[in-house]
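Student: What would the 3D arrangement of this be:
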Amino acid sequence: AILLFVFYFFFFFKQKTAYEIYQCDWSSDVCSSDLVDIGDSEMNDSSTSGVRLRDVIDDDLPVFFEHQRDPDAVQMAAFTAEDPAGRDAFDAISRGVNYVFSRPWRYIFYTAFSLIYLCLSFVLVRAFVLNDFSVAFVWQNSSSDLPILFKVSAFWGGMNGSLLFWELVLAGFTTIVAFAYSRTNREVLPYVLVTLNVIHVFLLVLLVSWSNPLASLSPAPLEGRGLNPLLQHPVMMIHPIVLYIGMVGFAVPFAFAFAAMATGELGTAWMRVTRRWTLWAWFFLSLGILLGGRWAYEVLGWGGYWAWDPVENASFMPWLAATAYLHSVMVQEKRDMLKVWNLVLIGLTYSLCLFGTMLTRSGLVRSVHAFAQTEIFGILFLGYVVATVVLFFGVLAWRSPELRAKHHLESVLSREAGFVVNNWL
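Tutor: Model (predicted):
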C-alpha cells in the first residue's frame, strides 16, 4: 500500500508536467505551455490562436524529436538528453511514457489505491463473520453468539477497524475526485490530490504502527470478548457509516480550498466545484447526528437529545461551521465578498472534524465513544490537528492581501450583513 501510494503521489506531478509540455496541436506546428491555463469554454473556441489541446499520439514524436534537436532549445533547457540526435533512445523513452500515462493505465492506478483498502476491509469483515479469533481486533469486539449483523458492524465498532473504514471512505473519495476532475481543474487538481494523500499517509502511519486491525494472536483464543452491549443496537449498522461519510467528506472541499490558495486561484471556481461535496457531507453529518441522538436517547436514557457526552458535542461543532459556510458562500458567489471568511469557515469545519476524531481516539475525555489508546497515539493525533490548522491558516494569512473584497457591506441592515450575523449566531 505504501509503495503504491508513493507511485500515486509521484504520478500526478509527472502527469501534470507531461500535459503542460506536450498538449499541443502540432498540425499547425504551434505550441505554448501558457495555453494550458485557458478555461474549458476557451478550449473549444476556434478563435484561440488555432491551438487545440489533445492527448499525445505516436505521430507527434517526430515533431518532438526535431524540437529536441533545436540548438537554441538545447541551450536553454535545464535538462537535456545525453545525445539529442539519438532517435532510437528518444523513441523508446517517449513511447514508454506515452504508454504508462495513457488514460486506461491512469484509471487503473487510481482505482488500485481504493481496491487495496477494499480488500483489507473484506478480509477483516470475513474474519468477524467466520469467528476468526486469531485476529486480535476480532477477539476484542466479537463472539461466536453475536448476531451476524452486529459481527459486520463490529468492523467499525472499535478503534482499529474505524481507522481502516476512515481510510476506505477517504480512498473512495480521492479516486472519485481523480476521475471526475481529470479533464477540468487541471491547475489545482495535483494540489488537491496531494492534500488528500497527505491525510492518507498520516492514517497509514497510524494503521501500520499503532492500530493494525489485522494483528494476530498466537495461540488463537477459543472465544472472543464480545461487542460492547451499548453498541448492540440496530442504528449501529448505519449511524457510524453516515457519520464517517459526512466528516470525511469535508476533506474534499478543504483540499480544494487549500489548493486554491496554494495556486493563487482565489475566485469562486473551487466553491462551485465543491458545492455538491459540501452539501452531501453536510447532509450525511446531519443524518448521523440525528441517528446518534435517537440512539443515545433510547439506550443510555440521558433524558433528551441534547444531554450528550463530549463526543456528540464535538460532532455538532463542525456541523455548525459547515452550516454557516453553506449560507456564507452565496454572498461570495453573488457579490464577490466574504472570501476570507468562507475560507476560514471551510478550514474550521474540517479542523473541527479532526478535533472531534482526536477526542474520540486519544482518550482525553471520558465518553462511551472513547477508545483507550497509548499516550503516543494521542500526541501524534494532536500534532496532526495542530499542523493542519497552522498550515491552512498560515497559507490563508499569506494570501489575505489578494483576498480583499472589492465590495464592502453597505449597511448593517443589508442582506449581506444579515448573512454575517447569521453566521456568527
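Student: For the helix or strand residue 149 falls within, buried residues please.
Tutor: For residue 149, the host element (DSSP states H and E) is helix 148-153. Under the neighbour-count criterion of 16 or more other CB atoms under 10 Å, helix 148-153 has 150-153 buried. For glycine as for every other residue, the C-beta is placed from the backbone atoms N, C-alpha and C.
Student: Between these, which sits nearest residue 356?
Tutor: Of all the buried residues of helix 148-153, residue 153 has the smallest distance to residue 356: 20.6 Å, by CB to CB.
Student: so that closest one touches residue 236, yeah?
Tutor: Yes. If you go by CB atoms under 8 Å, residue 153 and residue 236 touch, sitting 4.7 Å apart.
Student: buried sites along the longest helix seen in the chain?
Tutor: Counting residues, the longest helix in the chain under DSSP state H turns out to be helix 269-299. Within helix 269-299, the residues that count as buried by 16+ other CB under 10 Å are 269-271, 273-274, 277-278, 281-282, 284-285, 287-289, 291-293, 295-296, 299.
Student: for stretch 230-237, same thing?
Tutor: So, applying 16+ other CB under 10 Å, buried residues of stretch 230-237: 231-232, 235-236.
Student: ok, back up a step: can you name every helix or strand that the following helix or strand past the longest helix of the chain contacts?
Tutor: Per DSSP H and E, the first helix or strand lying C-terminal to helix 269-299 is helix 310-335. Counting contacts by 3 or more CB pairs under 8 Å, 6 or more residues apart in numbering; DSSP states H and E, helix 310-335 packs against helix 239-249, helix 269-299, helix 339-362, helix 415-424.
Student: out of the ones you listed, nearest to residue 313?
Tutor: helix 339-362 (8.5 Å).
Student: and the angle from that closest one to helix 239-249?
Tutor: Here the directions of helix 339-362 and helix 239-249 differ by 140 degrees (axes from the mean of the first three to the mean of the last three CA atoms, to 10 degrees).
Student: Return the list of helices and strands in contact with helix 339-362.
Tutor: Against helix 339-362 (3+ CB pairs under 8 Å, 6+ apart) you get helix 239-249, helix 251-263, helix 310-335, helix 375-399, helix 415-424.
Student: Name the residues of it that are buried.
Tutor: Here helix 339-362 shows 339-362 as buried, counting by 16+ other CB under 10 Å.
Student: now the longest helix of the chain: mean pLDDT?
Tutor: For helix 269-299, the mean pLDDT works out to 88.
Student: Stretch 213-228 now?
Tutor: Stretch 213-228 comes out at a mean pLDDT of 90.
Student: Going by neighbour count, which residues in it are buried?
Tutor: Neighbour-count burial for stretch 213-228 [16+ other CB under 10 Å]: 213-214, 224, 226-227.
Student: Redo these as JSON lines? Include secondary structure and distance to residue 145.
Tutor: Rendered in JSON lines, the data for the buried residues of stretch 213-228 read as follows (DSSP: H, G, I helix; E, B strand; the rest coil; distance: CB to CB, whole Å):
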{"residue": "213", "secondary structure": "coil", "distance to residue 145": "22"}
{"residue": "214", "secondary structure": "coil", "distance to residue 145": "23"}
{"residue": "224", "secondary structure": "coil", "distance to residue 145": "10"}
{"residue": "226", "secondary structure": "coil", "distance to residue 145": "8"}
{"residue": "227", "secondary structure": "coil", "distance to residue 145": "11"}
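Student: Quick check: the farthest pair among the residues you listed?
Tutor: 214 and 226 (19.8 Å).
Student: Could you check how many residues crowd around residue 238?
Tutor: Neighbourhood size, residue 238 [other CB atoms under 10 Å]: 13.
Student: Show the backbone phi and psi for it.
Tutor: phi -130, psi -30 (degrees, to the nearest 10).
Student: got a pLDDT number for it?
Tutor: pLDDT, residue 238: 92.
Student: What's the first helix or strand after the lowest-mean-pLDDT helix or strand in the chain?
Tutor: Lowest mean confidence among the helices and strands of the chain (mean pLDDT, DSSP states H and E): helix 40-43, at a mean of 40. Following helix 40-43 in sequence order, the next helix or strand is helix 61-69 (DSSP H and E).
Student: So for that next one, what gets flagged as buried?
Tutor: Here helix 61-69 shows 61, 64-65, 68 as buried, counting by 16+ other CB under 10 Å.
Student: right, and the helix or strand after that helix?
Tutor: helix 71-76.
Student: rewinding a little: so which other helices or strands are in contact with the longest helix of the chain?
Tutor: Using 3+ CB pairs under 8 Å, 6+ apart: helix 269-299 touches helix 239-249, helix 251-263, helix 310-335.
Student: Put together JSON lines for those, with mean neighbour count and distance to residue 119 on each row.
Tutor: Converted to JSON lines, those look like this (neighbours: other CB atoms under 10 Å; distance: least, CB to CB, whole Å):
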{"stretch": "helix 239-249", "mean neighbour count": "22", "distance to residue 119": "19"}
{"stretch": "helix 251-263", "mean neighbour count": "24", "distance to residue 119": "22"}
{"stretch": "helix 310-335", "mean neighbour count": "19", "distance to residue 119": "29"}
